[in-house]
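S.K.: just coords:
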């Protein structure tokens, strides 16, 4: 599969989508958004975990405003509706776990692209920046959805209004991301995390994602009923039976995936 703005690889059941425009800090243009959407969907069908990361020193600097002619005529509502929404839905709806391996600056829509993944792992030198108000905009690409849920109303509002840099260590402390990792260990670490998920019980992971997401809109009774339903489905899988046998035999489980 050939792409121009990203690279795509599947190894050991890990689909790695690498944003590959380092000369512009992996800024998002129309083609890149379409290619990310396609690659994430393919990874969700062909692999057991999907990883998003960036080439070079940045993860993603957000919307590409470098092309002044296109930037001046940019229809933001159409661009968000027709280009960002499919990309973000591809990540959200991915049937396998998704990881953002944030290797550097994640700004504007790039920050919120990172936060769209199930798990965010950042190198300690990385930072997150809701840069939108610096150019007279509001956070988009899902930022107003993810931030309040991850860090609470007060910090989400401050991050959006002040457009301050949030270091990876701060983001970790605030609960915005799962973990910040020393730069020297970053690549080996996220690959190890991805491999752990790729070898895990994919059917259970799907239901983990569903149950945690639906909890925000459910009453306790609704959530307990959902847990019972999804747990019943998990209990019918080969993975559950294999997990129990492996536990009793004191050996690693060999999960078959879907």
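M.R.: Here it is on my side, so go on. Not measured: the values here are computed from a predicted model. Numbering: from 1, shown residues only.

S.K.: Find the residue at the geometric middle of this protein.
M.R.: residue 117 (1.6 Å; Cα atoms, centre = their mean).

S.K.: for this protein, what helix or strand is lowest in average pLDDT?
M.R.: helix 68-72 (a mean of 55; mean pLDDT, DSSP states H and E).

S.K.: Please parse this structure into its domains.
M.R.: 6-198, 202-248 (automatic domain parsing).

S.K.: so which of those domains comes closest to residue 254?
M.R.: Of all those, the one in closest proximity to residue 254, counting by Cβ to Cβ, is domain 202-248 (6.2 Å). Any C-beta I mention is one placed from the backbone N, CA and C, and that applies to glycine too.

S.K.: Any idea how far apart the tips of that closest one sit?
M.R.: 21 Å (Cα to Cα, to the nearest Å).

S.K.: re earlier: what sits against the residue nearest to the centre of the chain?
M.R.: Going by Cβ atoms under 8 Å, 6 or more residues apart in numbering, residue 117 touches 52, 91, 98-100.

S.K.: Now the helix or strand following the least confident helix or strand of the chain: buried residues?
M.R.: Counting by DSSP states H and E, the element after helix 68-72 in chain order, helix or strand, is helix 76-79. By neighbour count on 16 or more other Cβ atoms under 10 Å, the buried set for helix 76-79 is residue 79.

S.K.: So for helix 76-79, mean pLDDT?
M.R.: In this model, helix 76-79 carries a mean pLDDT of 92.

S.K.: Now do it: everything it contacts.
M.R.: Contacts for helix 76-79 (Cβ under 8 Å, 6+ apart): 30, 63, 137, 140.

S.K.: Counting neighbours, what do you get for the third one?
M.R.: Neighbour count of residue 137, defined by other Cβ atoms under 10 Å: 12.

S.K.: what about it, helix or strand, and which?
M.R.: Counting by DSSP H and E, residue 137 is found in no helix or strand.

S.K.: State the distance from the residue lying closest to it once chain neighbours are set aside to residue 65.
M.R.: Nearest-residue entry for residue 137: residue 76, 7.6 Å, with adjacent residues in sequence omitted and distances by Cβ to Cβ, 6 or more residues apart in numbering. Going from residue 76 to residue 65 by Cβ to Cβ, to the nearest Å gives 11 Å.
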